[in-house]
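J.: Need the 3D shape of this:
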Amino acid sequence: MTEYDDRLREVERYKVKFQENKQFVDNARKKSKAWTEVVQLKNQTLERLKRRNDENLRLKKQLEATILEASKVRGERDSALAEVSELNKSLLAEREAVVWEFLGTQAFRHVIMPHCAREIWLEKRKWMAILE
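T.: You can find the predicted model right below:
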């Protein structure tokens, strides 16, 4: 009977070991599933980050192109402003020259028909003040 008891104990030990191994296998499967989910989540996150990075690179290139275009437009605006300023200066100088020429002509004296030289001098002074 001792042999039977020994075998029975051995069978019980194997049952316990079998249960432990089964528990280990179940835990390993659960962990494997969890690791699979973690890996999938990691891959999804990497894909999302890659798409976002691609979008950011596209936006960066677009921004650089816009900045370059804006600097070109700014340069054109500055040159146009300089040209307008030069035209204003030349128009003022031309206007002043024409007025001076008119003030120095005989026509100016005939148009005004002054009764005295003082009135001519005052009229010239008035026109000079307007020019300045």
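J.: Counting by contacts, list what the host helix or strand of Ile67 packs against.
T.: Per DSSP states H and E, Ile67 falls inside helix 2-103. Counting by 3 or more CB pairs under 8 Å, 6 or more residues apart in numbering; DSSP states H and E, the packing neighbours recorded for helix 2-103 are helix 117-131. Backbone N, C-alpha and C define where each C-beta goes, glycine included.
J.: what residue ranges in this protein score low on pLDDT?
T.: 1, 103, 106-118, 132 (pLDDT under 70).
J.: In the chain, which residue is most central in space?
T.: The C-alpha lying nearest the average C-alpha coordinate of the chain belongs to Leu63 (CA atoms, centre = their mean; 4.9 Å).
J.: check contacts around it.
T.: Residues near Leu63 by CB atoms under 8 Å, 6 or more residues apart in numbering: none.
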